[in-house]
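Enquirer: take this sequence and fold it.
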Amino acid sequence: MTGSTPNPVGSMSSGQNMPTQQVTVISRLVSFVIYCAPRDDHGLNPMYTTLYGGDDRHTGVTDSASYLNNMPYVIVDADTKKVIYPTPSSHKEFEKIQSVSSTNTLRDGQRKMHALPPIHIPDDVSRIALHIANDSFHYSRTFQLFPWTVPDVAHSKVHIYELRSDLRERFSSQNHLPNPSDNTLAAKPGAAAEYFGYLDGDLWLRISHEFTDSDITRLCPPETISRNLLAGASQANPLAGVHPQTTPVQQEALGGMAPHADGLHAYVGPITGAPVISAPTPAPTAQPSVVGSVEQVHVDWLATLAPIYAAGEGSRSMAPFTIEIGDMAITLAFISRALANAINTSTNTTIQQALRRTSPRTFAAILRAAWRLHIDKLSLSSSWRPMLGSRLHKMGVGLDVTEIDDSVDHVNFTIHNHSHADRGHAFPQGSGGQKLARLYQELNGDSEVMHGAVYTPWVNWVEPHDTHMHITVKDE
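Expert: Below is the predicted model:
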């Protein structure tokens, strides 16, 4: 360590009859404060309004400001990659961001703010870096966030500002800061031992894990799934039938599911009209088989999910698009602006890059449940989104469903309650509400879905789930 001028804290004798020498010891602490992105809709971000006026086509942080409660993180020695926090003695794989407050002093609206506990930097460490979200898991840690040489001072403070890529220069100007290079920390003017960096949408893309074919195979191995055959269907034509009569799902049958601790998960934003674009449809990999009154299909998830992860290459369109899942005869319809947060908060993120950062478990869970219930179309409003709402969508383990269709039963049901009075109450008694009730049951019975983390505008409601059903799958 160089450039340090602390007072000596001890002395030692360096040899027989040698003079006593003063020993300088410094204990270095580093504190991080993260300022999460504010909303940019409804005129809530003055910087956005100055740049775009009332044009909401460019909005990205809509309906819920970003926050990081329970987001995993680790701090490493940037040179050796050894984890220095949490400390080895804690026996933790990662720590979680906890404390939250708010601030509106940065001239761009109300921000959530997280202060991490001060971290002791070992004497043999010169540079440190962060790993956050799913990049903090031990098998990942591929991207070092803000690698930085720790000064030889007693306590350094690092401010991380999450913001849209297109507002970096405006944010710097209005807050009297230089515009730091990507993924770097700069000295904060007028503040001793304080530094700052920008976490924008493009940097979130680099942090967030891109799910590969090997990930899909590991997380979603091939399986055979079953369902009851439609009444009047046959082995030759299993879809040519009708649903048997069913009784309404009773509230008590849904269980006493308590909302998951992560809290808010937000809808992506307003829907605007746009032409529909479709992803290529691969040939089906398997056909259903019928044994008695049971229909089965073998699903190789690597092949089944391939059209999802192939969609949107090179595109930053806000238009709706559909993806056909051939071997399950299900259509996934991504509504207009479904990926607006990923695209509008960045300069380069494409549809395909956003979809590839959504866990295959999310798509497998909803497709498996939908197939078992003969649902043949699902409308989706959000998958991976780095700068909106809670950690779940940021880590690619959240998926939002806005509409379900069953063409045999002539069910077309929009997942949206009528008023606040519906919150926490039973699903509607009509055919669409009861179909959603069964979908909710199926998802909660899936071992890959996080317990208590399927939210609806009725049962297991938490703010602000009035307009969609949210599904959370397990990280690993």
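Enquirer: so where's this structure shaky on pLDDT?
Expert: 1-25, 231-286 (pLDDT under 70).
Enquirer: all helices of it, in order?
Expert: 46-52, 168-174, 201-207, 213-219, 301-304, 306-310, 340-344, 351-355, 360-372, 391-394, 431-444 (DSSP state H).
Enquirer: for Thr472, which of the ones you listed is the nearest?
Expert: helix 391-394 (5.2 Å; CB to CB). Yep, even glycine has a C-beta here, placed from its N, CA and C like the rest.
Enquirer: C-alpha coordinates for the closest one, PDB please?
Expert: Output in PDB follows, covering the C-alpha atoms of helix 391-394 (Å, rounded to 0.1, in the frame of the first residue of the first chain):
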ATOM      1  CA  ARG A 391     -34.800  -8.700  -8.100                       C
ATOM      2  CA  LEU A 392     -36.900 -11.500  -9.500                       C
ATOM      3  CA  HIS A 393     -37.200 -10.200 -13.100                       C
ATOM      4  CA  LYS A 394     -33.700  -8.800 -12.900                       C
END
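Enquirer: now do that helix: distance to the chain's middle.
Expert: From the chain centre to the centre of helix 391-394 is a distance of 2 Å (CA atoms, centre = their mean, to the nearest Å).
Enquirer: same deal with stretch 48-65?
Expert: For stretch 48-65 - counting by CA atoms, centre = their mean - the centre lies 20 Å from the chain centre.
Enquirer: start to end distance for that stretch?
Expert: Stretch 48-65 has an end-to-end distance of 14 Å (criterion: CA to CA, to the nearest Å).
Enquirer: for stretch 314-331, same thing?
Expert: The first and final residues of stretch 314-331 sit 22 Å from each other (CA to CA).
Enquirer: buried residues in it?
Expert: For stretch 314-331, burial by neighbour count (16 or more other CB atoms under 10 Å) applies to 316, 318-325, 327-331.
Enquirer: any chance of the helices of the chain in CSV, plus distance to Asp79 and mean neighbour count?
Expert: Formatted as CSV, the helices of the chain follow (distance: least, CB to CB, whole Å; neighbours: other CB atoms under 10 Å):
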stretch, distance to Asp79, mean neighbour count
helix 46-52, 37, 17
helix 168-174, 28, 16
helix 201-207, 20, 21
helix 213-219, 28, 15
helix 301-304, 37, 20
helix 306-310, 35, 19
helix 340-344, 32, 28
helix 351-355, 30, 23
helix 360-372, 34, 24
helix 391-394, 28, 26
helix 431-444, 45, 21
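Enquirer: and Ser419, how far is that from His425?
Expert: 11 Å (CB to CB, to the nearest Å).
Enquirer: correction: Val459
Expert: Taking CB to CB, one finds Val459 at 8 Å from His425.
Enquirer: likewise for Leu399?
Expert: Distance from Leu399 to His425, counting by CB to CB: 24 Å.
Enquirer: neighbour count: the two, which is higher?
Expert: Remark: of Leu399 and His425, Leu399 carries more neighbours, 26 against 13, as counted by other CB atoms under 10 Å.
Enquirer: quick one: the strands in the stretch 251-400 of the chain, in order.
Expert: Ranges of strands in the stretch 251-400 of the chain, per DSSP state E, counting those that start in this stretch, are 277-278, 289-291, 294-299, 321-325, 330-334, 377-382, 398-406.
Enquirer: figure out which of the ones you listed is closest to Ile26.
Expert: Per CB to CB, nearest to Ile26 of these: strand 398-406, 43.5 Å.
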